[in-house]
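**Q** This is the structure alone, sequence omitted:
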């Protein structure tokens, strides 16, 4: 296995407490992967868990999907930069001003710490199907088109990338600059179940489509041996 591939994996620690998170982290320590701290874990531990995971050598994606009025998000995101996260996200649907002020705030706060996190925007959740998107959200244009337009707005606002399904990655690559990051959840190796994800691809398919980072949760975190499951991701 090419160990450099693990640097493009973000393991989602969607667990309900510090102890369970640290057990998983210890199993994956030294593998080269990122760890993703989402709302579930953050709700139980707060920012302290980020510092602990950073001390273990992991890059951290703080996945809180901030979405509020521009001033509130701008002020909050400055606080999250203090935690030491390497990547933070907001919702693209918060609009241009919210994204632009978030990007500026992250860079200003990060420069003072001499460590500027990446800030990316969530387009459309990978748990949502095309049918749900139109019926429940009332958006008339096609889902992939909507994702691309949000990504272009995010890039214009100064964000470093977006969160989107790997199924839209190739179209995003054609419509954004080469260095624009595409972080793709809903990654499922051929040997795993889709669970509640609707728009999924395998790790190899996602990289070939143009994804920068792949977010993987249950196929690794619920495996008997998480480290072995991480290595099996690349088995076709």
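**A** Arrived safely. What you see is a predicted model, and the numbers here were worked out from it, not measured in a lab.
**Q** Which residues does the helix or strand harbouring residue 88 contact?
**A** According to DSSP states H and E, residue 88 maps onto strand 87-91. Residues outside strand 87-91 that contact it (C-beta atoms under 8 Å, 6 or more residues apart in numbering): 34, 59-67, 73, 77, 80-81, 98-99, 102, 106, 117-122, 159, 163, 183. All C-beta spots, glycine's among them, are computed from the backbone N, C-alpha and C.
**Q** pLDDT on that strand, on average?
**A** The average of the pLDDT scores along strand 87-91 is 98.
**Q** That one pairs with which strands, parallel or anti?
**A** Within its sheet, strand 87-91 is paired with strand 60-66 (parallel), strand 118-122 (parallel), according to DSSP bridges.
**Q** Go through those and pick out the most buried.
**A** Mean neighbours per residue, mean count of other C-beta atoms under 10 Å, is largest over the strands paired with strand 87-91 for strand 118-122, with a mean of 26.
**Q** could you give the mean pLDDT of that strand?
**A** The model assigns strand 118-122 a mean pLDDT of 98.
**Q** What is the subsequent helix or strand relative to it?
**A** helix 130-137.
**Q** That next one: which residues count as buried?
**A** Using 16 or more other C-beta atoms under 10 Å as the test for burial, helix 130-137 gives residue 133.
**Q** Who are the packing partners of it?
**A** Counting contacts by 3 or more C-beta pairs under 8 Å, 6 or more residues apart in numbering; DSSP states H and E, helix 130-137 packs against helix 143-156.
**Q** which stretch of helix or strand covers residue 10?
**A** Element membership of residue 10, judged by DSSP H and E, is strand 9-12.
**Q** which residues are in contact with that strand?
**A** Counting by C-beta under 8 Å, 6+ apart, 24, 28, 33-36, 38, 61, 63, 183, 185, 203, 213-217, 220-221, 226, 230, 233 sit against strand 9-12.
**Q** Tell me which strands it pairs with, and in which orientation.
**A** Here strand 9-12 has these sheet partners by DSSP bridges: strand 34-38 (parallel), strand 213-216 (parallel).
**Q** how deep is the residue lying closest to residue 157 once chain neighbours are set aside tucked in, by neighbour count?
**A** With C-beta to C-beta, 6 or more residues apart in numbering as the criterion, residue 157 has its nearest non-adjacent residue at 3.7 Å, and that residue is residue 99. Using other C-beta atoms under 10 Å, residue 99 has 27 neighbouring residues.
**Q** So residue 99 is in contact with residue 158, correct?
**A** Yes. Counting by C-beta atoms under 8 Å, residue 99 touches residue 158, with 7.4 Å between them.
**Q** Would you confirm that residue 167 contacts residue 144?
**A** Yes. With contacts counted by C-beta under 8 Å, residue 167 reaches residue 144, the gap being 7.5 Å.
**Q** ok so, going back, orientation of the helix or strand containing the residue nearest to residue 157 relative to strand 60-66 in degrees?
**A** Here residue 99, judged by DSSP H and E, is contained in helix 96-113. Relative orientation of helix 96-113 versus strand 60-66 (axes from the mean of the first three to the mean of the last three C-alpha atoms, to 10 degrees): 150 degrees.
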